[in-house]
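Here's my sequence, what's the structure:
(one chain, ligands or ions: 3)
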Amino acid sequence: MSNFNSPIRLSSSLIKHLKYRVRMGCNPLLPHSRSFTTTEGHRPIIVHKRSLDILHDPWFNKGTSFSFTERDRLDLRGLLPPNVMSTEQQIERFMVDLKRLEEQARDGPSDPNALAKWRILNRLHDRNETMYYKVLIANIEEYAPIVYTPTVGLVCQNYSGLFRRPRGMYFSAEDRGEMMSMVYNWPADQVDMIVVTDGSRILGLGDLGVQGIGIAIGKLDLYVAAAGINPQRVLPVMIDVGSNNEKLLKDPLYLGLQRHRLDGDEYLAVVDEFMEAVFTRWPHVIVQFEDFQSKWAFKLLQRYRNTYRMFNDDVQGTAGVAIAGLLGAVRAQGRPMIDFPKQKIVVAGAGSAGIGVLNATRKTMARMLGNNEHAFQSAGRQFWVVDAKGLITEEREDLDPEACPFARNVKEIHRQGLREGASLVEVVQQVKPDVLLGLSAVGGLFSKEVLEALRGSTSTRPAIFAMSNPTTNAECTPEEAFSIVGDNVVFASGSPFKDVDLGNGHIGHCNQGNNMYLFPGIGLGTLLSGARIISDGMLQAAAECLAAYMTDEEVLKGVIYPSISSIRDITKQVAAAVIKEAIEEDLAEGYREMDSRELRKLSQEEIKEYVQNSMWSPEYPTLVFRKE
Ligand SMILES: NC(=O)c1ccc[n+]([C@@H]2O[C@H](COP(=O)([O-])OP(=O)(O)OC[C@H]3O[C@@H](n4cnc5c(N)ncnc54)[C@H](O)[C@@H]3O)[C@@H](O)[C@H]2O)c1
Ligand SMILES: O=C(O)C[C@H](O)C(=O)O
Ligand SMILES: [Mg+2]
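Ligands and ions are numbered 1, 2, ... in the order given. I've put the predicted structure just below:
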């Protein structure tokens, strides 16, 4: 039996490994260390490693694309098949493999091979990041539903089984007091974007605990693919304060802390410590809060938004996307934008997303009505909010403070033939809304009865937003919407659905109303402006930019959101709008060589050019070895 005083015996293989690490210039006692250099442009990259270390490093790995001379320079000879492939050949080989799976897929409502595709893409991500993003960007329409909603939901649910190579950082309740030093374990000296979750409300799937890291990874994939954030400078983070999901707590394969969630001040102390640690190491980082249960989403946003560069995607990103869609719906009715404050809107769901949408939409209406208290009060009367307990009125007991401003006046509601707790069907029947918007996480909530009631809408073209994710949580499908309410409706869903063949040569267009159209641009614009905080004005500018992206011709056809294939261009425009607003609000402090004075001199076109030139593209840099 060994005790602490006995000499340590090292196995011969361990000695060999340590000697090898010394030879490679690494500290044998520290975990694997990497050197980080920028890959923008076509400049060579100086690397301090060779041989297998290069092949195992996805930032530098080119797989079969290493040229003969590079293989010699980097001691790779013999470690790869001899045939040198071009990038195109490599990608083709990969795509053939991927497509084979699809050909075998049965054509069902969901993709039976979605998880298999995720695994293949994930493995590529592990071994060759450049190629991974090249594939993702070139085929974004096809593979966003795999790396993002809906499949990412399935991935999070099955994360224990799917976990291979760790990605990102985990801060847990057990790490209290250690985070300030732990944060230095991450190898990158520069981090631009963090997406953090506590796993408490992953999409509409509830508390998935530590497995929620998948959502942070998926969101950051879009930051790289859509916003051109350098993948070396993104960091997915999971704050593991436990889980209240009893199934997970009993699962022996669960990878997270097997304890109930911390609450109250203890919870806040963990998140505070995390924020302090990451902003100490990377003062210019932007932190996106993702999929926190609404109980904490609002509190944390209020706590940090005036001190740190952060935003909550579910509250603020979703709000902007909804506003853009709602404005699109008005245009699709052939009405002028000024009619927006007249829209009657029924919202199902009063959580972080629903309340975020309600607040921002009310403010937008109030601005159009004169931006005074009277305008704000009258805008508030355009909404009827239904949650799990039915219509919310001032009679409701124990109402969340966030929902209070939207509780309907009891007398007014009685005159409309409604009451506290009225069902969604009753509300739709009585209100005859222009818009029915769902952020309830309840699949099928817009039942046949609800949709039939919507046929009585006073609008010439009612709009249905079934925004809950993933697919199975959508409040209704586009088929149901078009067949029950009518061919003329405007339809959007949070997760992608196919367009509907209406049978008479017409297509019922299915828009994807998802915050992916805004968060990458909000992050990129904030980064490049160097704004200290993310203001309401910057978020509003992002939403307006998205709304203006669609032409009149498109919206009249019911197309209110762009195709995901143009997401890189949309993100560029959104980022430019955010920068412009940050400059106007005097928040922009500049980024790298572009200081605040230079920024202020830029014209609208030059801002767009600046954004475009700052976006990372997946190209192999030339690698050159030099000893450290
Ligand atoms: N499309 C997007 O971009 C987008 C963005 C954010 C969130 N979402 C989706 O929105 C959903 C909700 O997210 P959240 O953060 O607000 O969740 P949440 O848990 O905070 O809120 C859910 C709300 O729905 C209400 N609800 C539950 N059952 C209901 C019922 N039968 N009828 C009416 N309301 C009911 C609850 O009372 C609660 O107010 C999730 O599915 C999420 O994926 C979509
Ligand atoms: O993640 C998404 O697809 C959208 C949104 O952030 C959500 O929580 O559903
Ligand atoms: Mg989310």
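
element containing R259, please.
If you go by DSSP states H and E, R259 is not part of any helix or strand.

Please name the residues that touch it.
Contacts for R259 (C-beta atoms under 8 Å, 6 or more residues apart in numbering) come out as 173, 242, 249. C-betas here are computed from N, CA, C, even on glycine.

what's the pLDDT at it?
In this model, R259 is scored at 94, pLDDT.

where's it relative to E174, distance?
9 Å (C-beta to C-beta, to the nearest Å).

Also V196?
Where E174 is concerned, V196 sits at a distance of 17 Å (C-beta to C-beta).

for R568, same thing?
40 Å.

more neighbours, these two?
The neighbour count for R568 versus E174, taken as other C-beta atoms under 10 Å, is higher for R568 (18 against 12).

quick revisit: most surrounded residue in the contacts of R259?
G242 (24 neighbours).

List the beta-bridge partners for M238.
According to DSSP bridges, the residues that bridge with M238 are Y170, T197.

residues contacting the nearest residue to L205 once chain neighbours are set aside?
Nearest residue to L205, sequence neighbours excluded (C-beta to C-beta, 6 or more residues apart in numbering): G153, at 5.5 Å. G153 sits next to 202-205, 469-470 when contact means C-beta under 8 Å, 6+ apart.

Could you pull out the buried residues of the helix or strand hosting L358?
Per DSSP H and E, L358 falls inside helix 352-368. Residues of helix 352-368 classed as buried by neighbour count (16 or more other C-beta atoms under 10 Å): 352-366, 368.

That one close to ligand 3?
No - judged by C-beta under 5 Å from the ion, helix 352-368 and ligand 3 are separated, with a smallest distance of 7.7 Å.

can you tell if that helix touches ligand 1?
Yes - judged by C-beta under 6 Å from any ligand atom, helix 352-368 comes into contact with ligand 1 at 352-354.

What is that helix packed up against?
helix 294-304, helix 318-332, strand 345-348, helix 373-380, strand 383-387, helix 536-549 (3 or more C-beta pairs under 8 Å, 6 or more residues apart in numbering; DSSP states H and E).

what does the fifth one contact?
Residues outside strand 383-387 that contact it (C-beta under 8 Å, 6+ apart) are 344-351, 354, 358, 361-362, 391-392, 403, 406-408, 418, 422-424, 427, 431, 433, 440.

N511 belongs to a helix, doesn't it?
No - applying DSSP: H, G, I helix; E, B strand; the rest coil, one finds N511 to be strand, outside a helix.

Pretty sure it sits against K557.
No - N511 lies out of contact with K557 (C-beta atoms under 8 Å); the separation is 10.8 Å.

out of the two, which sits in the busier spot?
N511 (25 against 15).

hang on, the earlier thing: which ones among the contacts of G153 also lie next to ligand 2?
203, 469.

any idea how far the most centrally placed residue in the chain lies from M516?
Centroid-nearest residue in the chain: K219, 3.6 Å away (criterion: C-alpha atoms, centre = their mean). Distance of K219 to M516, computed by C-beta to C-beta: 8 Å.

The stretch 351-500 of the chain: strands as residue ranges?
383-387, 390-391, 435-438, 463-466, 490-493, 500-501 (DSSP state E, counting those that start in this stretch).

closest to ligand 2 out of those strands?
Smallest distance to ligand 2 across the strands of the stretch 351-500 of the chain (C-beta to the nearest ligand atom): 10.7 Å, for strand 490-493.

if we can go back for a sec, how much space between the residue nearest to L205 and Q316?
With C-beta to C-beta as the criterion, G153 and Q316 are 21 Å apart.

how many other residues sit next to the residue of the stretch 351-500 of the chain found nearest ligand 2?
Residue nearest to ligand 2 within the stretch 351-500 of the chain: N469 (3.7 Å; C-beta to the nearest ligand atom). Residues lying near N469 (other C-beta under 10 Å) number 26.

Make 666 the first number, not 1, from now on.
Sure thing, new numbering starts at 666, so read that last one as N1134.

Make a PyMOL selection of whichever of the contacts of G818 turn out to be buried.
Filtering the contacts of G818 down to the buried ones (16+ other C-beta under 10 Å) takes a single PyMOL command:
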select buried, resi 867+868+869+870+1134+1135
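
And the contacts of G818, which is closest to ligand 3?
Ranked by distance to ligand 3 (C-beta to the ion), the contacts of G818 are led by L868 at 6.6 Å.

That closest one contacts N1138, correct?
Yes - counting by C-beta under 8 Å, N1138 is a contact partner of L868 at 6.9 Å.

where do the contact lists of these two overlap?
A1106.

Return the residues of the chain in contact with ligand 1.
So far as C-beta under 6 Å from any ligand atom goes, the chain lies against ligand 1 at 866, 868-869, 959, 979, 983, 986, 1013-1019, 1051-1053, 1104-1107, 1110, 1132-1134, 1138, 1159, 1178-1180.

filter those residues to the buried ones?
Buried subset of the residues of the chain next to ligand 1 (neighbour count, 16+ other C-beta under 10 Å): 866, 868-869, 959, 979, 983, 986, 1013-1019, 1051-1052, 1104-1107, 1110, 1132-1134, 1138, 1159, 1178-1180.

count of residues packed around the residue of the stretch 816-965 of the chain found nearest ligand 3?
Residue nearest to ligand 3 within the stretch 816-965 of the chain: D956 (4.5 Å; C-beta to the ion). Neighbour count for D956, taken as other C-beta under 10 Å: 26.

likewise R742?
13.

so who does D840 touch?
Taking C-beta under 8 Å, 6+ apart, one finds M847 in contact with D840.

So for it, what's the pLDDT?
So D840 comes in at 88 (pLDDT).

cool, and K764?
pLDDT, read off for K764, is 75.

V1165 bridge partners, please.
G1173.

And it, what's its pLDDT?
Looking at V1165, the pLDDT reads 97.

Show me the beta-bridge partners of A1157.
With DSSP bridges as the rule, A1157 is bridged to F1130, N1176.

Now for it, how many residues are close by?
28.

can you check E1091 too?
When counting by other C-beta under 10 Å, one arrives at 19 neighbours for E1091.

Correct me if wrong: it contacts L1083.
Yes - shown here, E1091 and L1083 form a contact pair, counting by C-beta under 8 Å, at 6.4 Å.

and for these two, which residues touch both?
Common neighbours of E1091 and L1083 (C-beta under 8 Å, 6+ apart) are L1056.

coming back round to it: name the nearest of the contacts of G818 relative to W947.
I867 (25.4 Å; C-beta to C-beta).

how deep is W1281 tucked in, by neighbour count?
18.

Shouldn't it be within a strand?
No - applying three-state DSSP, one finds W1281 to be coil, outside a strand.

and it, how far is that from T752?
Distance from W1281 to T752, by C-beta to C-beta: 16 Å.

How about R742?
Look at R742 and T752: by C-beta to C-beta, they are 21 Å apart.

next one: R1027
50 Å.

cool, and S1194?
Counting by C-beta to C-beta - S1194 and T752 are separated by 34 Å.

again, but for E931
In terms of C-beta to C-beta, E931 sits 50 Å off from T752.

who has more neighbours, those two?
T752 (17 against 12).

How about the more buried one, nearest residue that isn't a chain neighbour?
Looking at T752 with C-beta to C-beta, 6+ apart, the closest residue is S730, at 5.8 Å.

Show the pLDDT at the one you found.
On the pLDDT scale, S730 gets 92.

what does T1123 give?
96.

likewise M689?
At M689, pLDDT is 39.

re earlier: would you turn the residues of helix 1017-1033 next to ligand 1 into TSV with pLDDT?
Listed next are the residues of helix 1017-1033 next to ligand 1 as TSV, based on pLDDT from 0 to 100:
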residue	pLDDT
S1017	97
A1018	98
G1019	98
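
need these in TSV with distance to K1245, can you?
As requested, the residues of helix 1017-1033 next to ligand 1 are exported to TSV (distance: C-beta to C-beta, whole Å):
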residue	distance to K1245
S1017	28
A1018	27
G1019	30
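
Would you agree A942 is in contact with M847?
Yes - between A942 and M847 there is a contact at 7.1 Å, judged by C-beta under 8 Å.
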